[in-house]
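# fold the stuff below for me.
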Amino acid sequence: MKALVLEKVKELSLRDFPIEETLSPYDVRVEPKKVGICGSDIHYYKYGNIGDFVVKEPMILGHEASGIVTEVGSKVTDLKVGDRVCMEPGIPNFQSTETMSGMYNIDPSVRFWATPPIHGCLRESFVHPAILTFKLPDNVSYEEGATVEPVAIGMYSAKKAKIEPGDVALVMGAGTIGIVTAISALASGCSKVIITDIKDDKLQIVKENYSENIICINSKNEDLAEKVKEIAPRGVDVFFEATGAPSILSTFTQYVRPGGRAVLIGMPQGPVKVDIVGCQAKEITMYTIFRYVNTFDRALKLISSGALPVKPLITHRYKFEDAIEAFEFGATEPGDAIKIMLDLE
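Residues are numbered from 1 along each chain as shown. Here you go, the predicted model:
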C-alpha cells in the first residue's frame, strides 16, 4: 500500500510499502482521512532517534489521525463500518501489571505508532484495537479528530496538576502542546493562564484565536518574572513546562508560589539540572507525564462542546501526495506554524 516512509535520516519517500495486518475479532480496519504532523515525526526525520528509540530500518510515520471504519472484527459491538473515528496510537499489553493498575501508558511493551520499530498511520489503511478507536461526534470534523492525540496530552497534564477553580497557571512554550495545555487548564478551572514563548508569530496566533484569559508574554523581549509577579504576586499556582529546555527546568521555581505544583511535559535530550533546594524551600509538588491515560473520550466531549477550540491550531494544510514537502517545511521550525495537517481524502 502507498505510505510515507522514513528511509533514513533526512530521507523520505512516498511509495508502495509491503505491510499486511490481520483483523482480529476485537479490531477495526480504518482508512485515514486526516493526519497531523507531530514534533516527534519531525525529530525522527531530522535526527533518526529520540533517546533510545532509533530508526534502524524504513518506518512509516504518523500517529495523530482520524479516519473512517472500513471493516470490523466479529466481536466489535460499539463501532460499525462507516463510523468516523480517531485513534489512540499506543497499544499496550492488556495483561500487563501497568495496564491492570490503570497506567497503560507506561507499560514497557506498549507499541506506539511511528516509534521504532512500530509503523505509523500515514498509509492507505491500518488495523487497530476497537477499544482504542473512538467515534467522532457529528459536529467534530476529521481535522479536529486528528488533533485529539495532542489535546489528550494537555488534558492529562491539567488533570495531573490537580487544578482547583480560580488557579492561575503558567505554560512555558506556545507550540501545539503548550497551547492545548493552556486551553485544557482553562477548561479545568483556571481563571487565568500565562503562556510564554520567544516567537511572536506563535503568540500572535494565541492572541487572535483564544480567550483573553490566556495572557501572552514574549520572554525574549519582556522580563517574565516581573510579568508573572504583576499577575500573580505570590507566584502561579500551577507551572507547566512544555518545551524540554534545560534552562527552564533549572529556574522554574522562581515563578511558582509556596505550595504550588509543577508539571513537566517537555522531554529534554538528556539529564538536566533542577533547583531541588528551590523546590524544597517552597514545597513545590512536581509531577511528570508520559503521553496520557483515559483522556480521548473526554477530549472529544470537550471539543464537541466548544470548551476546547482546536481549529485555530491547524495553520498549514498539505495533500498526502505533498507529504514530503510538508515535512521539509516542518523541519525548518517555522514560527507561524502550529499544527501541519495532511489530507488523505
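# worst mean pLDDT across the helices and strands of this structure, which element?
Least confident element among the helices and strands of the chain, by mean pLDDT, DSSP states H and E: strand 49-50 (a mean of 88).
# roughly how far out does it sit from the chain middle?
Relative to the centre of its chain, strand 49-50 is centred 17 Å away, using C-alpha atoms, centre = their mean, to the nearest Å.
# where along the stretch 1-150 of the chain do the strands fall?
In the stretch 1-150 of the chain, the strands defined using DSSP state E, counting those that start in this stretch lie at 2-8, 11-16, 27-37, 49-50, 53-54, 59-60, 64-72, 84-87, 90-91, 111-112, 126-129, 133-135.
# save those as TSV, and put in mean neighbour count and distance to residue 290 too.
For glycine as for every other residue, the C-beta is placed from the backbone atoms N, C-alpha and C. Below are the strands of the stretch 1-150 of the chain laid out as TSV (neighbours: other C-beta atoms under 10 Å; distance: least, C-beta to C-beta, whole Å):
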stretch	mean neighbour count	distance to residue 290
strand 2-8	20	23
strand 11-16	14	27
strand 27-37	24	20
strand 49-50	14	13
strand 53-54	14	13
strand 59-60	22	21
strand 64-72	22	17
strand 84-87	24	18
strand 90-91	20	10
strand 111-112	16	11
strand 126-129	20	20
strand 133-135	20	20
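# residue 102: which of the ones you listed is closest?
strand 90-91 (14.3 Å; C-beta to C-beta).
# on that earlier part again, tabulate the strands of the stretch 1-150 of the chain (JSON lines), appending distance to residue 285.
Putting these into JSON lines (distance: least, C-beta to C-beta, whole Å) gives the following:
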{"stretch": "strand 2-8", "distance to residue 285": "39"}
{"stretch": "strand 11-16", "distance to residue 285": "42"}
{"stretch": "strand 27-37", "distance to residue 285": "32"}
{"stretch": "strand 49-50", "distance to residue 285": "27"}
{"stretch": "strand 53-54", "distance to residue 285": "29"}
{"stretch": "strand 59-60", "distance to residue 285": "38"}
{"stretch": "strand 64-72", "distance to residue 285": "30"}
{"stretch": "strand 84-87", "distance to residue 285": "32"}
{"stretch": "strand 90-91", "distance to residue 285": "26"}
{"stretch": "strand 111-112", "distance to residue 285": "28"}
{"stretch": "strand 126-129", "distance to residue 285": "34"}
{"stretch": "strand 133-135", "distance to residue 285": "31"}
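# which one of those strands lies closest to residue 261?
strand 90-91 (25.4 Å).
# from residue 224, how far off is residue 171?
12 Å (C-beta to C-beta, to the nearest Å).
# common neighbours of these two, please.
Residues touching both residue 171 and residue 224 by C-beta atoms under 8 Å, 6 or more residues apart in numbering: residue 196.
# which strands and helices sit next to the least confident helix or strand of the chain?
Here strand 49-50 touches helix 39-47, going by 3 or more C-beta pairs under 8 Å, 6 or more residues apart in numbering; DSSP states H and E.
# can you show me the CA trace of the helix it packs on as CSV?
Presented in CSV, the C-alpha positions along helix 39-47 are these (Å, rounded to 0.1, in the frame of the first residue of the first chain):
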residue,chain,number,x,y,z
GLY,A,39,7.2,17.2,16.6
SER,A,40,8.3,13.6,17.2
ASP,A,41,7.8,12.8,13.5
ILE,A,42,9.9,15.8,12.5
HIS,A,43,12.6,14.8,15.1
TYR,A,44,12.9,11.3,13.7
TYR,A,45,13.1,12.8,10.2
LYS,A,46,15.9,15.2,11.2
TYR,A,47,17.9,13.1,13.6
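# tell me what that helix is packed against?
strand 49-50, helix 323-330.
# what angle do that helix and strand 11-16 make?
110 degrees (axes from the mean of the first three to the mean of the last three C-alpha atoms, to 10 degrees).
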